[in-house]
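Asks: okay, predicted coordinates and the sequence, questions at the end:
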Amino acid sequence: GEDVEQSLFLSVREGDSSVINCTYTDSSSTYLYWYKQEPGAGLQLLTYIFSNMDMKQDQRLTVLLNKKDKHLSLRIADTQTGDSAIYFCAESTDRGSTLGRLYFGRGTQLTVWP
Amino acid sequence: GAGVSQSPSNKVTEKGKDVELRCDPISGHTALYWYRQSLGQGLEFLIYFQGNSAPDKSGLPSDRFSAERTGGSVSTLTIQRTQQEDSAVYLCASSLWGGGNDEQYFGPGTRLTVT
C-alpha cells in the first residue's frame, strides 16, 4: 500500500466542478480517503469510502471508486474560492501490521479563480 | 482537549543538534501516529502507537529517530544529530482505537528547519 499517485495541480473557475483523480496500487486497500490541507493548517478529513462501494455523495462532494482500475476521484460541485487548498488521496488497510496506517499521495493543489 | 496539539509550531536548529517534538492527542484516543511532510517525499508515515506501545515503527527513517508515548497520552518524537534532510513538517494524528476506518485527527504540525 505504498503507491498512491495524484496529479499535482488543478485550476478551475468559481462555480465550475472540480475533479481530482487518484490511482493506487495496493489491492488490499480497504479504505480510501480524501483529506484537505489549507495553508498553515493540518489535514482535515473530507470523506472516505469503503473499497466495496463505488460511490459516495456528501453535499457538494462525490467520491467515485473504480476498484478494478484502482482509480479514485473526488468531484467538488459548485467550486468556491474557499475550496482552494491541497487535496490528498490516502488509503489504508484493516489487516496486518499496517493496520490504520495511512499511505498518502503527494497532493493536488486546487486553485479556484473568481 | 479540543483537538490534537503540537509544540513547538516552528523549530529552527543547527545541524548536529538534537530536537524534541511534542504531540498532545485528543483525550481518550488510544492510537497515535507520526507523519512527516516534506517537499521531496510528500507525506510519509513514521510510527504508530497503540497505548504506550509502538507496534509499527517501520517508517522511522534512521536510528537517529525515536519516539515514546507515556500514560497513553503525550508523545515525543526525538531526532538526534539532526541533518538538513530532516527539515520537514512533522504531523501528529490521533484516533479513537486505531482501526482502518477510524478517523485520524491531525494536529497543525511542527515545522522543523535544520540549518
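Replies: On my side now, so go ahead.

Asks: in the chain, where is pLDDT below threshold?
Replies: Answering for chain A, as no chain was given. Within chain A, the stretches with pLDDT under 70 are A:1-2, A:94-99.

Asks: my question was about chain B, not that one.
Replies: The low-confidence ranges in chain B, as defined by pLDDT under 70, are B:1, B:100.

Asks: residues from it in reach of chain A?
Replies: Contacts of chain B with chain A, taken as C-beta under 8 Å from any C-beta of the partner chain, map to B:4, B:31, B:33, B:35, B:42-45, B:48, B:55-56, B:58-59, B:91, B:93, B:95, B:98-109. For the C-beta atoms, the positions are set from N, CA and C on the backbone; glycine is no exception.

Asks: strands - which of the residues you listed land there?
Replies: Secondary-structure check on the residues of chain B next to chain A using DSSP state E: residues within strands are B:31, B:33, B:35, B:42-45, B:48, B:55-56, B:91, B:93, B:95, B:105-106.

Asks: could you identify the most distant pair in those?
Replies: Maximum pairwise distance among those (C-beta to C-beta): 23.6 Å, between B:42 and B:55.

Asks: where's residue B:40 relative to residue B:85, distance?
Replies: Distance, residue B:40 to residue B:85, by C-beta to C-beta, to the nearest Å: 8 Å.

Asks: what about residue A:93, how many residues nearby?
Replies: Residue A:93 is flanked by 20 other residues according to other C-beta atoms under 10 Å in any protein chain shown.

Asks: can you give me the strands for chain A?
Replies: Using DSSP E, strands in chain A cover A:4-6, A:9-13, A:18-24, A:31-37, A:43-50, A:55-58, A:61-66, A:71-76, A:85-92, A:103-104, A:108-113.

Asks: could I get those strands as CSV with mean neighbour count and distance to residue B:74?
Replies: CSV is the format used below for the strands of chain A (neighbours: other C-beta atoms under 10 Å in any protein chain shown; distance: least, C-beta to C-beta, whole Å):
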stretch, mean neighbour count, distance to residue B:74
strand A:4-6, 20, 30
strand A:9-13, 13, 38
strand A:18-24, 19, 33
strand A:31-37, 22, 24
strand A:43-50, 18, 20
strand A:55-58, 12, 33
strand A:61-66, 17, 34
strand A:71-76, 20, 34
strand A:85-92, 24, 24
strand A:103-104, 22, 25
strand A:108-113, 17, 33
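
Asks: show me which residues of chain A sit near chain B.
Replies: Residues of chain A lying close to chain B (C-beta under 8 Å from any C-beta) are A:30-31, A:40-45, A:48, A:50, A:88, A:90, A:92-95, A:97-107.

Asks: chain center to stretch A:51-61, what's the gap?
Replies: The chain centroid and the centroid of stretch A:51-61 are separated by 11 Å, computed with C-alpha atoms, centre = their mean, to the nearest Å.
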